[in-house]
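Q: What follows is a predicted structure for the sequence shown.
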2 protein chains.
Amino acid sequence: MTVTLADVAARAQVSPATVSRVLNGNYPVASSTRERVLRAVDELDYVLNGPASSLAAATSDLVGILVNDIADPFFGIMAAAIQSEIGGPGGRAGGERLGVVCNTGGSPERELTYLTLLQRQRAAAVVLTGGAIEDTAHAGAVAAKLRRLTEAGTRVVLCGRPPSPEAPEAIALTFDNRGGGKQLTEHLIGLGHRRLGYIAGPEERTTTRHRLEGHRAALDAHGIEDDPRRTVHGRYDRRSGYEATLELLRRDPSLTAVVVANDTVALGACAALRDSGLRIPDDVSVAGFDDLPFSIDAVPALTTVRLPLSDAGARAGRIAMGREEPPPGGIATVRGELMVRGSTGVPRD
Amino acid sequence: MTVTLADVAARAQVSPATVSRVLNGNYPVASSTRERVLRAVDELDYVLNGPASSLAAATSDLVGILVNDIADPFFGIMAAAIQSEIGGPGGRAGGERLGVVCNTGGSPERELTYLTLLQRQRAAAVVLTGGAIEDTAHAGAVAAKLRRLTEAGTRVVLCGRPPSPEAPEAIALTFDNRGGGKQLTEHLIGLGHRRLGYIAGPEERTTTRHRLEGHRAALDAHGIEDDPRRTVHGRYDRRSGYEATLELLRRDPSLTAVVVANDTVALGACAALRDSGLRIPDDVSVAGFDDLPFSIDAVPALTTVRLPLSDAGARAGRIAMGREEPPPGGIATVRGELMVRGSTGVPRD
DNA sequence: AGCGCGACAGCAAGCGCTTTCTATCTCTTG
DNA sequence: CAAGAGATAGAAAGCGCTTGCTGTCGCGCT
């Protein structure tokens, strides 16, 4: 048998109520009593029964963090930052919460399932990270779930994800993907490039769309025609970047620059260019996005847009814990910073 | 008020017991009744109360995954694999479990706290990944916790972590770090290197120690003296690799090869060498460990030891779910595979 | 001296589910 | 055709905790 509150109470010669109060510290208890109780807890090696506690108190100490791909440092970094603000001994005592990260793998069903599971656990808060899927039905279902969660007292925070008009209660910390994409392409145009390829992420994703829109806005602003054949979609992985680059090169060998969905994909693009006998940036410039840790180690180092992943995550975590005021209007835009490095240069000839 | 089982029962005109049985599917229910219940569930948009359910059933559907650094793909990849086997809609219906990853940040206290939190939640299983901290007191405390968890019916699996003699109930899938380290150094020795630097991970970590032991075993086997000045310890990050390399070079500029704790650190080492005007592998060969996705994109591509992170994680996940037999004796060693690539070559002159 | 009040401690009523034990009812089977 | 075997459904007793409500003191006031 495991030790229960009652066992501790018996040992400390007090009522279960008192033990509960000592443990929760939300009610006056004489210090002598408290000590007696704590000693008993220690001696019996008592561990609170979470489910029972959550049931009785109608709240739990779970905080869910949804990520699209936990193996991707983009999410890993955010998740680490969020979790560090959420609990365990990282935060100060009192609100000892269990920050749990759930990997949706980018699948709509899994996203919904996790949300349900979290709702079932009566989570204290939920943080959704990264781009959303742009499917009306799915977006509606998610919004409905978020609304339900909010109603049930769960705090909902979006981190690096655009606000949902259908779930306005959710606090949103959005990345300025459009602005970042624009900066990147403008940088390239400024260097003199006119024939730019674009390797986009998966379709139907807000992140993909926004970055691409920024790119197009830049082209447009400089009167460069946007040839649709110069854009290729793919997954957010290295392999995809490799293949997309080959495809782009096949379609138009005269490209002088390639703007890529993110750094991971950009690495694949670089590999494809090298394997095609092209030098970076002499023959083709390459630009990534996110500024993940390894990007500076690419050879040449990747020009990219740095997103303050860690800061944004930490802030989202604090908001989720109710430890920081939400931004006015419930929405804040987080900007990226253009990092010009060796992978971009003036076009050949 | 949120919807309860009783509400559903009323609506479906059955008893709460029947609703529970329909939901759990562990008791015969006439299909007409089942349908009526399911319809009611749907109409009322009912979501089970997890804590109540866990309390009554004395089990929960939580599975904890402890990682040292969630921002590190090494852990991210394992966590993704474990989680994919654990639940959400990834697995087949029935065992819908919430796989939650907890980031200890390599801190002993956080590790223990998370273990307690999971114990409190009456987790169904716990998977500990990555190297353990070699501190007698802490190891003892962890072992004690694991024993308690096991006693309480929580399945405990170690993935990429050596078995603990004090907690023999835990199933262990260990990486052959020693063997991998040895292979790497032997490869270098085979190429003709005699003055090898070694950049180790943090001290007091099993992974660090084992890889280093493998390195030394190889040196020893070939009669090469192990000059302690050729070994530097550091953290598992890029920065640390950069600094350690500079230090190594300062101590002995005649080094012709550097064996590094892992790929991330190796990237930093490469950067330091480049910044020092040394070519890889012409002047100095570099070898990493783990074969993370970006390692092949380093220039030159990193020679390293590939660990089947994903496979091992998946297997650990299945074992944790009781869906696969544990290895005989509860311990299995997972070997790495030497990947020879461009970053290692014959020594100069 | 009599009261009121603050500071503690305990009682007991749930929280929403699971599950054992029982009660029916419908079929087989001898 | 009676009786035992299944197949279903319900009643009710918790699971271990939290918390509103009741005491019970001891003490400062009037």
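A: Yep, that arrived.
Q: And stretch A:286-296, end to end?
A: Taking C-alpha to C-alpha, to the nearest Å, stretch A:286-296 runs 13 Å from one end to the other.
Q: so A:I70 makes contact with B:A81?
A: No: assessed by C-beta atoms under 8 Å, A:I70 is found out of contact with B:A81, at 9.8 Å. For every residue, glycine as well, the C-beta is placed using N, CA and C.
Q: Tell me which of the two has more neighbours.
A: A:I70 (30 against 24; other C-beta atoms under 10 Å in any protein chain shown).
Q: do you know how far the more buried one is from DNA strand C?
A: Look at A:I70 and DNA strand C: by C-beta to the nearest atom of the strand, to the nearest Å, they are 29 Å apart.
Q: How about the residues of the stretch 151-300 of chain A by chain B?
A: Contact residues (C-beta under 8 Å from any C-beta of the partner chain) of the stretch 151-300 of chain A with chain B: A:152, A:237-238, A:264, A:267-268, A:270-271, A:274, A:293-294, A:296-299.
Q: so which two of those are the farthest from each other?
A: For those, the maximum inter-member distance is 52.8 Å, found between A:A152 and A:R274 (C-beta to C-beta).
Q: ok, how many other residues are close to the closest residue in space to A:L309 that isn't next to it in sequence?
A: The shortest distance from A:L309 to any non-neighbouring residue, by C-beta to C-beta, 6 or more residues apart in numbering or on different chains, is to A:I77 (4.4 Å). Look at A:I77: counted by other C-beta under 10 Å, it has 21 neighbours.
Q: Distance of the closest residue to DNA strand C within the stretch 51-200 of chain A relative to chain B?
A: DNA strand C sits closest to A:A56 of the stretch 51-200 of chain A, with a gap of 3.6 Å, by C-beta to the nearest atom of the strand. Distance of A:A56 to chain B, given as C-beta to the nearest C-beta, to the nearest Å: 9 Å.
Q: swap in A:R205?
A: In terms of C-beta to the nearest C-beta, A:R205 sits 19 Å off from chain B.
Q: On the pLDDT front, check the nearest residue to that residue once chain neighbours are set aside for me.
A: The shortest distance from A:R205 to any non-neighbouring residue, by C-beta to C-beta, 6+ apart, is to A:G131 (4.6 Å). Listed pLDDT for A:G131 reads 94.
Q: Quick check: A:G131 touching A:G160?
A: Yes: taking C-beta under 8 Å as the definition, A:G131 is a contact partner of A:G160 at 7.4 Å.
Q: Among the two, which residue is more densely surrounded?
A: Shown here are A:G131 and A:G160; by other C-beta under 10 Å, A:G160 has more neighbours (27 against 23).
Q: For burial, what's the neighbour tally of A:L292?
A: If you count neighbours by other C-beta under 10 Å, A:L292 ends up with 26.
Q: For the residue nearest to it when sequence neighbours are not counted, list the residues it contacts.
A: Excluding its sequence neighbours, the residue lying closest to A:L292 (C-beta to C-beta, 6+ apart) is A:D263, at 4.6 Å. Contacts for A:D263 (C-beta atoms under 8 Å, 6 or more residues apart in numbering or on different chains) come out as A:G288, A:F289, A:D290, A:D291, A:L292, A:F294, A:S295, A:L302, A:T304.
Q: A:A287 now?
A: By C-beta under 8 Å, 6+ apart, the neighbours of A:A287 are A:184, A:187-188, A:257-260, A:266, A:302-304, A:343-344.
Q: by contact count, what packs against whichever strand or helix holds A:E35?
A: Using DSSP states H and E, A:E35 sits in helix A:31-44. Secondary-structure packing of helix A:31-44 (3 or more C-beta pairs under 8 Å, 6 or more residues apart in numbering or on different chains; DSSP states H and E): helix A:5-12, helix A:16-24.
Q: Pretty sure A:L309 sits against A:G76.
A: No: if you go by C-beta under 8 Å, A:L309 and A:G76 don't touch, sitting 9.1 Å apart.
Q: Name the SS class of the residue of the stretch 151-300 of chain A found nearest chain B, please.
A: Residue of the stretch 151-300 of chain A nearest chain B, by C-beta to the nearest C-beta: A:V299 (3.9 Å). At A:V299 the chain is in coil, as set by DSSP: H, G, I helix; E, B strand; the rest coil.
Q: pretty sure it contacts B:L302?
A: No: using C-beta under 8 Å, A:V299 is not in contact with B:L302, being 12.0 Å away.
Q: Same drill for the two, tell me which one is more crowded.
A: B:L302 (29 against 18).
Q: quick one: the more buried one from DNA strand D, how far?
A: Taking C-beta to the nearest atom of the strand, one finds B:L302 at 51 Å from DNA strand D.
Q: do A:L219 as well
A: Distance of A:L219 to DNA strand D, computed by C-beta to the nearest atom of the strand: 58 Å.
Q: did I read that right, that residue in a helix?
A: Yes: if the criterion is three-state DSSP, then A:L219 is within a helix.
Q: which ones are touching it?
A: A:L219 makes contact with A:T185, A:I189, A:L196, A:E225, A:D226, according to C-beta under 8 Å, 6+ apart.
Q: Adding pLDDT, write the residues you listed out as TSV.
A: Output for the contacts of A:L219, formatted as TSV (pLDDT from 0 to 100):
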residue	pLDDT
A:T185	98
A:I189	98
A:L196	97
A:E225	94
A:D226	92
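Q: Just those: which are in helices?
A: Among the contacts of A:L219, the members falling in helices (DSSP state H) are A:T185, A:I189.
Q: mind putting the contacts of A:L219 in JSON lines, distance to A:G106 included?
A: Below are the contacts of A:L219 laid out as JSON lines (distance: C-beta to C-beta, whole Å):
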{"residue": "A:T185", "distance to A:G106": "25"}
{"residue": "A:I189", "distance to A:G106": "32"}
{"residue": "A:L196", "distance to A:G106": "27"}
{"residue": "A:E225", "distance to A:G106": "32"}
{"residue": "A:D226", "distance to A:G106": "27"}
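Q: Quick check: of the contacts of A:L219, which lies closest to DNA strand D?
A: Once C-beta to the nearest atom of the strand is applied, the member of those that ends up nearest DNA strand D is A:T185, at 54.4 Å.
Q: Show me what the lowest-mean-pLDDT helix or strand in chain A is packed up against.
A: Across the helices and strands of chain A, mean confidence by mean pLDDT, DSSP states H and E is lowest for strand A:98-103: a mean of 90. Applying 3+ C-beta pairs under 8 Å, 6+ apart, we find strand A:98-103 packed against strand A:62-67, helix A:73-86, helix A:108-120, helix B:73-86, strand B:98-103, helix B:108-120.
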